[in-house]
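> Need coordinates for the following:
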Amino acid sequence: MSVRDLLLGVEPPLTEVAKMGQQIVPELIVLLRGDPEFWIRQRAAVVLGLIDGPDVRQPLIQALQTDENPVVRLSAAYALGNVGGELAILALIGALQDPDFGVRLAALRTLGELGAVQACPAILRVAATDPVPEVRQVARQVAAQLGCEIPIG
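Coordinates of the predicted model:
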């Protein structure tokens, strides 16, 4: 059974698919980068985030930055929270400008979970200027969680 076939169904759960480990990473990356079905790309991103490892960060960053579907970008943002690292944080900061507010929310929450204090200036900018009230609210919460210094003025 191919990895794509495993992603098609409800069984086994994605956490079980991830237990197959590094051996399925190459096929997951191929699916993430080019499967015509967005939900296969989304599920591939989730599983890659659960597996972690040296080969998963860059494909997840690429999906976050370039996938046409916001559901895939959102899943890549959360998956990067499991992977972590400076490059992931930089990509998540960039995702704070994504046109989809769900992706911006995922990026904010993930930056908070990662304890990414270096993102404070960008998070404070979102808290002050994002057009969606929920995004501004979450940005304020994440800024407080990280201990970002809110400029007075």
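
> pLDDT below threshold where in this protein?
For the chain, the stretches flagged by pLDDT under 70 are 151-153.

> mind running it again at 50?
Along the chain, no part satisfies pLDDT under 50.

> Nearest the middle, which residue of it would you pick?
With distances taken as CA atoms, centre = their mean, Ala77 lies nearest the centre of the chain, 0.7 Å away.

> my read: it touches Gly112, true?
No - counting by CB atoms under 8 Å, Ala77 stays clear of Gly112, with 11.9 Å between them. Just so you know, the C-beta spots here come from the backbone N, C-alpha and C atoms, and that holds for glycine as well.

> Could you pull out the helices in the chain for me?
In the chain, the helices defined using DSSP state H lie at 3-8, 14-18, 25-34, 38-51, 57-66, 70-83, 86-95, 101-114, 120-129, 133-146.

> elements contacting the shortest one?
Think helix 14-18. Helix 14-18 sits against helix 3-8, helix 38-51, with contacts defined as 3 or more CB pairs under 8 Å, 6 or more residues apart in numbering; DSSP states H and E.
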